[in-house]
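Visitor: 3D model of this:
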Amino acid sequence: MQPVRIPNHFDDQRQILFWDIDTLAVVIMFFIIGYVLRELTIMMVLAFFAGHLFSKWKTNQLNGVLIHLSYRFGWWRINDVFKNGNTKEWVD
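Guide: This is a model prediction of the structure:
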């Protein structure tokens, strides 16, 4: 039987340059808002600060915190049985 190498970071987020995908999504959101409002310079500065704050917040949380928050607030369904992620209590 041959040993199998298991990667240490199998479930990590994909990275573009030095940012994770979800941090980059926050930065891009600020860029788009700045482009629409024609205040791109101000929003670029805010985008880098927001990206930094978001990445600091994310390091203090559990892995997959954004997916769990999307379940919690009902933005994403878990499966066909639990259609509403906002349900706090199940009463029969």
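Visitor: who's in contact with the residue most central in space within the chain?
Guide: When C-alpha atoms, centre = their mean is applied to the chain, the residue found nearest the centroid is residue 22 (3.9 Å). By C-beta atoms under 8 Å, 6 or more residues apart in numbering, the contact set of residue 22 is 13, 54, 58, 66. Just so you know, the C-beta spots here come from the backbone N, C-alpha and C atoms, and that holds for glycine as well.
Visitor: tell me the SS of it?
Guide: Secondary structure, DSSP: H, G, I helix; E, B strand; the rest coil: residue 22 is helix.
Visitor: change the start of the numbering to 15 and stick with it
Guide: Done: numbering now begins at 15, and the last item shifts to residue 36.
Visitor: gap between it and residue 51?
Guide: 23 Å (C-beta to C-beta, to the nearest Å).
Visitor: coming back round to it: taking the contacts of residue 36, tell me the two that lie furthest apart.
Guide: Comparing all pairs in these by C-beta to C-beta, the longest separation belongs to 27 and 68, at 12.4 Å.
Visitor: those two: who's more crowded?
Guide: residue 68 (19 against 16; other C-beta atoms under 10 Å).
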